[in-house]
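**Student:** Next input, structure requested:
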Amino acid sequence: MNRFYRSWHSKRFKSFTVVYRESDLWIGVNVYDENMKNGVYQSLIEIHSQIRECISRYPKFLVSFKPVDISSESGVIKRMLSASKLAGVGPMASIAGAIADEIGDLLIERYGCKEVLIENGGDIFVKNIEPVVVSVYAGNSVLSGKIGLEIPPGRWGICTSSGTVGHSISFGNADSVTVVSETAAVADAFATSYCNRVKREEDIGNLLNEALNEYVLTVLVIYGDKFGLIGKHELRLIEREKDGVHESD
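**Tutor:** Residues are numbered from 1 along each chain as shown. Purely as a prediction, here's the structure:
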């Protein structure tokens, strides 16, 4: 749910954007191929086509707030179905993360990228060999854009859901709930599930007490001027300056 880090991380990555229908991807890579942008665009068209076809065959795939029992050979649909079952939410709760995962795999496998950062509507896929700091946008909270998570080398999904920002349906009131998992689809689904549970400030502690599992590695909740963090990833303070953004310990 954050866009200002696009310019921040553009100093480290070779970056480009790809937009198709509802998907607005900022992509950073360590090596750039001139065919890469068109390859991503064509893949994005196919991914959206598969999702629309699934919705046409199974309308409940679009509207259900719970996991659905359907079959599909599509990679992105399989990701969404699996993530929704793990988190107990509808398949569409993981759509942005699942698309980011699919494009991340494309860039790694077809183009040999060693580092990839994909932001799709604020939901992030990362494959990194050096640490990267991801900031969190939390709407009108005084903490918005001022704190983030340090992401160590590895392959990660970092996704944020909000009850106060954006067009996505949420049953909670948190300004942001950020989840780190091994895939963006799973992080997206759990971020939705956990944000639904935070309806008041007192719910932060209750959620964090039981948030971690084999799929959820870190959870950061922002509610007004309060935040809670649990998991393996370290908090970083973000400082804005006239000439850019940097993080401090």
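
**Student:** Determine how far the last residue of stretch 138-158 lies from the first.
**Tutor:** Distance across stretch 138-158, first residue to last, is 14 Å (C-alpha to C-alpha, to the nearest Å).

**Student:** just use 54 as the starting number from now, easier for me
**Tutor:** Renumbered: residue one is now 54, and that last one reads stretch 191-211.

**Student:** List the buried residues in the helix ranked longest in the chain.
**Tutor:** With residue count as the measure and DSSP state H as the assignment, the chain has helix 89-110 as its longest helix. Using 16 or more other C-beta atoms under 10 Å as the burial criterion, the residues of helix 89-110 that qualify are 89, 92, 93, 96, 97, 100, 101, 103, 104, 107, 108. (Each C-beta comes from the backbone N, C-alpha and C, glycine too.)

**Student:** now stretch 228-245
**Tutor:** By neighbour count on 16+ other C-beta under 10 Å, the buried set for stretch 228-245 is 228-234, 236-245.

**Student:** Among those residues, which are located in helices?
**Tutor:** Residues of the buried residues of stretch 228-245 located in helices (DSSP H): 237, 238, 239, 240, 241, 242, 243, 244, 245.

**Student:** Output the buried residues of helix 89-110 in a markdown table; the columns should cover distance to residue 114 and pLDDT.
**Tutor:** Listed next are the buried residues of helix 89-110 as a markdown table, based on distance: C-beta to C-beta, whole Å; pLDDT from 0 to 100:
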| residue | distance to residue 114 | pLDDT |
| --- | --- | --- |
| 89 | 30 | 96 |
| 92 | 27 | 97 |
| 93 | 24 | 98 |
| 96 | 21 | 98 |
| 97 | 19 | 97 |
| 100 | 14 | 98 |
| 101 | 14 | 98 |
| 103 | 11 | 98 |
| 104 | 8 | 98 |
| 107 | 5 | 97 |
| 108 | 5 | 97 |
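
**Student:** quick one: which of those is nearest to residue 77?
**Tutor:** For residue 77, the closest of those turns out to be residue 97, at 10.4 Å, with distances computed as C-beta to C-beta.

**Student:** correct me, but that closest one touches residue 73?
**Tutor:** Yes - proximity of residue 97 to residue 73 meets the contact threshold set by C-beta atoms under 8 Å, at 4.5 Å.

**Student:** Now residue 175, what are its backbone angles?
**Tutor:** Reported as degrees, to the nearest 10, the phi and psi values for residue 175 are phi 100, psi -10.

**Student:** Look up the pLDDT of it for me, please.
**Tutor:** Each residue has a pLDDT score; the one for residue 175 is 81.

**Student:** which one of the buried residues of helix 89-110 sits closest to residue 166?
**Tutor:** Closest to residue 166 out of the buried residues of helix 89-110 is residue 89 (8.6 Å), distances taken as C-beta to C-beta.

**Student:** For the closest one, which residues are in contact?
**Tutor:** Residues in contact with residue 89 (C-beta atoms under 8 Å, 6 or more residues apart in numbering) are 69, 82, 160, 164.

**Student:** Report the helix or strand with the lowest average pLDDT across the protein.
**Tutor:** Least confident helix or strand, the chain: strand 297-301 with a mean of 40, by mean pLDDT, DSSP states H and E.

**Student:** re the thing from before, quick check: of the ones in helices among the buried residues of stretch 228-245, which lies closest to residue 194?
**Tutor:** For those, the closest approach to residue 194 (C-beta to C-beta) belongs to residue 244, at 16.0 Å.

**Student:** pretty sure the closest one contacts residue 210?
**Tutor:** No - with contacts defined as C-beta under 8 Å, residue 244 does not count as touching residue 210, sitting 9.4 Å away.
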